[in-house]
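Trainee: task: produce atomic coordinates for the following.
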Amino acid sequence: MAIGRKNWLFAGSDGGGAAAAVFYTLIETAKMNGHNPRTWLTRVLGAIGRDRDTVDLDALMPWAMATDPA
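Mentor: Here you go, the predicted model:
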């Protein structure tokens, strides 16, 4: 996180820092669960964009989603 410390200076606000922390946490969680973070995030954002009202967010978490796209 030594590099991250300098990057936090450019978050813009407390809210921006909080949003960045959430984003970094999701990316690291995806890695820990065997996902390519870019592929996982693309699949999740695509599912949310298609079915925003009916999507089951718990099923999109890295530990619940299969690592290979179906």
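Trainee: biggest helix in this protein, by residue count?
Mentor: Using DSSP state H, we find that the single longest helix of the chain is helix 14-32.
Trainee: name the residues of the following helix or strand past that one that are buried.
Mentor: Moving toward the C-terminus from helix 14-32, the next helix or strand (DSSP states H and E) is helix 37-50. Buried residues in helix 37-50, counting neighbours by 16 or more other C-beta atoms under 10 Å, are found at Trp40, Leu41, Arg43, Val44, Ala47. Backbone N, C-alpha and C define where each C-beta goes, glycine included.
Trainee: and which of the residues you listed is nearest Trp63?
Mentor: Trp40 (11.1 Å; C-beta to C-beta).
Trainee: contacts only, for that closest one.
Mentor: Ala30, Pro62, Met65 (C-beta atoms under 8 Å, 6 or more residues apart in numbering).
Trainee: now do Ile27
Mentor: Contacts of Ile27 (C-beta under 8 Å, 6+ apart): Pro37, Leu41.
Trainee: in JSON lines, list the buried residues of helix 37-50 along with pLDDT.
Mentor: Written out in JSON lines, the entries for these read as follows (pLDDT from 0 to 100):
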{"residue": "Trp40", "pLDDT": "92"}
{"residue": "Leu41", "pLDDT": "91"}
{"residue": "Arg43", "pLDDT": "90"}
{"residue": "Val44", "pLDDT": "89"}
{"residue": "Ala47", "pLDDT": "87"}
